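Enquirer: fold the following for me, if possible:
(one chain, ligands or ions: 1)
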Amino acid sequence: MAGYLNRSHLLSPVESKSLSLDDKSDSFLATRTEMTTSVCWLPDVGDSPLKIFVLAKKKINDVFVGIQSYVEESNKFLSSIKVESNIVSEQLVKETSNFRERITGIRDVLTRDHMKVVFFGRTSNGKSTVINALLQDKILPSGLGHTTNCFLQVEGGDTPEPYLLTEDSNDPQNVQSVAQLAHALNSEKLGDSSLVRILWPKEKYPLLRDDVVLVDSPGIDVSPNLDEWIDKHCLNADVFVLVANAESTLMLTEKNFFHKVSERLSKPNIFILNNRWDASAFEPEFLERVRKQHLDRTIAFLVDELHVCTRLEVEDRVFFVSAREMLQARLKIKQGLAPHTGALADGFQNRYFEFQDFERKFEECLSKSAVKTKFEQHTQQGKAIIKALQHIMELTFENSHKKKKEKMELRKEHKERLEFTQQQLRLLTDEVKHHIGHLVHKVEQQVAKALNEEIHRLNVLVNEFERPFHPDNLVLSVYKKELHTHVEEGLGSNLRSRLSNTVAMNVESSQKEMIARMSSLLPQEHRQQMTNIMPRHNFEVLYRINCDSLCSDFQEDLEFQFSLGLVSLMKRFLGPRNTKRAKETIPRPIGIAHQSPNAEVKQFFQPSSDYLSIVQQIALVSPTSQTAVGTLAVGGFLVRTVGWKVIILTAGIYGLLYAYEWLTWTNKAKERAFKKQYVNHTTRKLKLIVDLTSANCSHQVQQELSSTFARLCQLIDEVVSEMQGVIRRLDTEVENLDECLAMSRILRNKAGYLMSELETFSQQYLQYDQ
Ligand SMILES: Nc1nc2c(ncn2[C@@H]2O[C@H](COP(=O)(O)OP(=O)(O)OP(=O)(O)O)[C@@H](O)[C@H]2O)c(=O)[nH]1
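Expert: Next up, the predicted model:
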């Protein structure tokens, strides 16, 4: 604001020294002069008012660079948030994306923004001369008659050489001098609405350097295309300067044109320069009256007709100047001469100061208007975008916070359930192990008891076997095989009928109990899977009693044995083991071959080999043995004591008994003997495998229950790992939400910062009226 308040539109040292304050005839002028002089001699404490625009433009551009990167960052952040997380809607992300385009558009416009002033007036009123005076150089051609035949836009170029650009071509045309420019313009066939851009090196011209664009126009009295002019060249103008001729009154064409302008634009900034005021100096007695007349008319026009300014403001909008004189003075100064050497008439100093005054007011107005019109809208748009983004970030922050809370609660729930499940599973595992151990032990006992009972009843089972028996070896081996199978099947089926139901029921109830207990650890949706684990078939224990191999060493003894024979008696009294030992102590006679089992017919006529051998052995051994002598002595004693008759009778009865038993030793008797021997043998063998069989059966039960439990555990493990997966996923989600929270907080704060930047910009550059 310093520029506006302390504006000191100074004369250069040459200018100030060369002027003399000798003309105080006009009161209005005097006031102006006084004011201008007082301003003129103020120290140079600030820049040109145009700098405000330059600074504002730089500032707003900087702010928008920040806004652009902020919008980019926001867009990137919002796009990275997954839609399914429901933190930010797809529509909002799209909206942010649109903001990017809008900001890019605004930045584009901002970099191209400049202060535009358009000069209108009738032909030869001095429009080109005013522009030259403002630029302090002869840039535009001027002269009597219609010299400007199209719109000429003078703007700052970055090259050291001036050039012009026409609408039809992008090729720059070199322009070294005004004459060259006039020639170039004349050689082009240009319509009165067309625009030629003349780019002069901005470093040489302060106005151009400060982004001012000056537009000269053809005389409004020579063209009927005023509407087109307005549409094409006026809508983005910040200031209009009506260059009127002080030698004549304001014409209808000029008035009509500005009526049209003010219809299209709200409150256009219009300056009226009553040019050629030097001509009035030749009639000083009418000077004040003429000036008053002009002033009254222009005030009436601007205030009452156009309503573009107030009566107070209008004094800063109407000036009486001599552009030609001003230009000449400035050219003289450039040549190192005093400015008044360029004077055209008396009263130069007043006109000089008034032109300076015009320049100051014009620049202030231009800068102020341009800042407002160019940047206010952008600032508002920037604020709206930042506000919207700030709101989005707040929403994102709130939603992230809410989601994080939900996820944390869910995670806690899952974690607790997981820990509970794992703890319960540990307890249940111990319990199930114990239960299985108990059941296995019980089954083992049951099987052992049942098998022992079956072994005791084995003779019944063997006697139930009714295949034709024959002692022939071949037939006997088949008979044995079938008997093994019969016993095997019989034992198996007896054990099954005694135990299967009980064991199966125990196993099934244990399985059901396991499933029921473990189901309670699972979520509802997995419980069905648990029930599927229950085996479809009923559990059955396999008893696996292989009699064939178990009794493979069974050797039947079907030879006839007299029940009162020595061997039988020894067996009866000494037991089979002692008998065998006794037999072994008696030396076998040489030449007595082992009896063939097939010599049954011979045996019928001969006493049993055992019996004979013992007798023979006694006979053979006795003469040489002291025992035999003793035996003979005992025999002799018996003969002498009981007598021959008794001995013969006893021997006869003994022989008869022998004959009876020998005659009744039939196949049936052999079958009975065989079965008896088989039962004894098998009983002995089976007793050996009772523990093994019961252990085997209990092992089957253990396996069945363990495998069911293992499958249940596997399912629980799956559920547990699923829960762990859910917890890990929730952890990641919480982490992401934390990032989201942090980022949305940062971006929300950044939005606040940018908003304050825009506010500061508004206060600094847009609200100076207040
Ligand atoms: N005496 C006097 N002559 C002036 C003044 N301003 C301009 N002239 C002269 O008026 C003539 C026309 O000036 P221009 O600047 O070409 O006028 P213009 O309005 O641009 O004319 P067109 O381009 O034809 O529309 C020139 O000969 C100028 O020297 C002035 O303040 N006093």
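
Enquirer: can you pull out the helices in the stretch 1-150 of the chain?
Expert: For the stretch 1-150 of the chain, helices defined by DSSP state H, counting those that start in this stretch occupy the ranges 2-5, 13-18, 27-40, 50-80, 90-112, 127-135.

Enquirer: where does this structure dip in pLDDT?
Expert: With pLDDT under 70 as the threshold, the chain has low-confidence stretches at 1-47, 144-146, 187-188, 536, 575-631, 768-770.

Enquirer: for Phe240, pull up the helix or strand it's in.
Expert: Element membership for Phe240 (DSSP states H and E) is strand 239-245.

Enquirer: for that strand, name the packing helices and strands.
Expert: Where contact means 3 or more CB pairs under 8 Å, 6 or more residues apart in numbering; DSSP states H and E, strand 239-245 is packed against strand 115-120, helix 127-135, helix 252-264, strand 270-275, helix 348-370. The C-beta positions use only the backbone N, C-alpha and C, and glycine is treated the same way.

Enquirer: between those, which one is closest to Gly66.
Expert: Go through these one by one with CB to CB and the one that ends up closest to Gly66 is helix 348-370, at 22.3 Å.

Enquirer: so that closest one, near the ligand or not?
Expert: No: taking CB under 6 Å from any ligand atom as the criterion, helix 348-370 and the ligand are apart, separated by no less than 8.5 Å.

Enquirer: and the angle for that helix with helix 50-80?
Expert: Computed by axes from the mean of the first three to the mean of the last three CA atoms, to 10 degrees, the angle separating helix 348-370 from helix 50-80 equals 10 degrees.

Enquirer: interface residues of this protein facing the ligand?
Expert: Checking the chain against the ligand by CB under 6 Å from any ligand atom, the hits are 121, 123-129, 142-144, 146-148, 218-219, 275-276, 278-279, 322-325, 344.

Enquirer: can you show me the strands along this structure?
Expert: Assigned by DSSP state E, the chain shows strands spanning 115-120, 151-157, 163-166, 173-174, 195-201, 212-216, 239-245, 270-275, 318-320.

Enquirer: would TSV of those with mean neighbour count and distance to Pro224 be doable?
Expert: Conversion of these to TSV gives the following (neighbours: other CB atoms under 10 Å; distance: least, CB to CB, whole Å):
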stretch	mean neighbour count	distance to Pro224
strand 115-120	26	15
strand 151-157	22	16
strand 163-166	19	23
strand 173-174	14	29
strand 195-201	19	18
strand 212-216	25	19
strand 239-245	25	19
strand 270-275	26	22
strand 318-320	25	28
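
Enquirer: to Glu73, which of those lies closest?
Expert: In terms of CB to CB, the element of these nearest to Glu73 is strand 115-120, at 32.9 Å.

Enquirer: other SSEs contacting that closest one?
Expert: Under the contact criterion of 3+ CB pairs under 8 Å, 6+ apart, the helices and strands touching strand 115-120 comprise helix 127-135, strand 212-216, strand 239-245, helix 252-264, helix 348-370.

Enquirer: buried residues of the longest one, list them for me.
Expert: Neighbour counts using 16 or more other CB atoms under 10 Å place 348-370 of helix 348-370 among the buried residues.

Enquirer: any idea which residue sits dead centre in this structure?
Expert: Ranked by distance to the mean C-alpha position of the chain (CA atoms, centre = their mean), the top residue is Lys82 at 5.9 Å.

Enquirer: domains for the protein, by residue range?
Expert: 411-552+689-743, 566-664 (automatic domain parsing).

Enquirer: distance of the residue of the stretch 351-500 of the chain found nearest the ligand from Val88?
Expert: When CB to the nearest ligand atom is the measure, the stretch 351-500 of the chain has its nearest residue to the ligand at Arg351, with 8.5 Å between them. Here the distance between Arg351 and Val88 works out to 66 Å (CB to CB, to the nearest Å).

Enquirer: just Asp210 next, same as before
Expert: In this structure, Asp210 and Val88 are separated by 44 Å, where distance is defined by CB to CB.

Enquirer: could you do Ala659 as well?
Expert: As for Ala659, its distance to Val88 is 119 Å (criterion: CB to CB).

Enquirer: and for the closest residue to Gln445 other than its chain neighbours, the neighbour number?
Expert: What sits nearest to Gln445 in space, not counting adjacent residues and going by CB to CB, 6 or more residues apart in numbering, is Ser694, at 7.4 Å. A count of nearby residues for Ser694, using other CB atoms under 10 Å, gives 21.

Enquirer: thought Ser694 was touching Asn452?
Expert: No: using CB atoms under 8 Å, Ser694 is not in contact with Asn452; the gap is 9.4 Å.

Enquirer: residue contacts, the closest residue to Leu92 other than its chain neighbours?
Expert: Counting by CB to CB, 6+ apart, the nearest residue to Leu92 once its immediate chain neighbours are dropped is Ile392, at 5.4 Å. Ile392 makes contact with 74, 78, 88, 92, 95-96 under the criterion CB atoms under 8 Å, 6 or more residues apart in numbering.

Enquirer: top of those residues by neighbour count?
Expert: Going by other CB under 10 Å, Ser74 tops the contacts of Ile392 with 28 neighbours.

Enquirer: follow-up on the earlier one: give me the phi and psi angles of the closest residue to the residue of the stretch 351-500 of the chain closest to the ligand other than its chain neighbours.
Expert: Closest residue to Arg351 in three dimensions, ignoring its sequence neighbours and counting by CB to CB, 6+ apart: Ser322, at 4.8 Å. Per-residue torsions, Ser322: phi -130, psi 100 (degrees, to the nearest 10).

Enquirer: what separation do you get for Ser322 and Lys292?
Expert: Per CB to CB, Ser322 is found 19 Å from Lys292.

Enquirer: who has more neighbours, these two?
Expert: Comparing Ser322 with Lys292 by other CB under 10 Å, the one with more neighbours is Ser322, at 34 against 12.

Enquirer: any idea how far that one is from Leu273?
Expert: For Ser322, the distance to Leu273 (CB to CB) stands at 10 Å.

Enquirer: list the beta-bridge partners for the residue lying closest to Ile131 once chain neighbours are set aside.
Expert: Nearest non-adjacent residue to Ile131, counting by CB to CB, 6+ apart: Leu214, 5.0 Å away. According to DSSP bridges, the partner residues bridging Leu214 are Val117, Val154.

Enquirer: tell me who's in contact with Leu214.
Expert: For Leu214, the set of contacting residues under the criterion of CB under 8 Å, 6+ apart consists of 117, 119, 131, 134-135, 153-155, 207.

Enquirer: fine, thanks again, bye for now.
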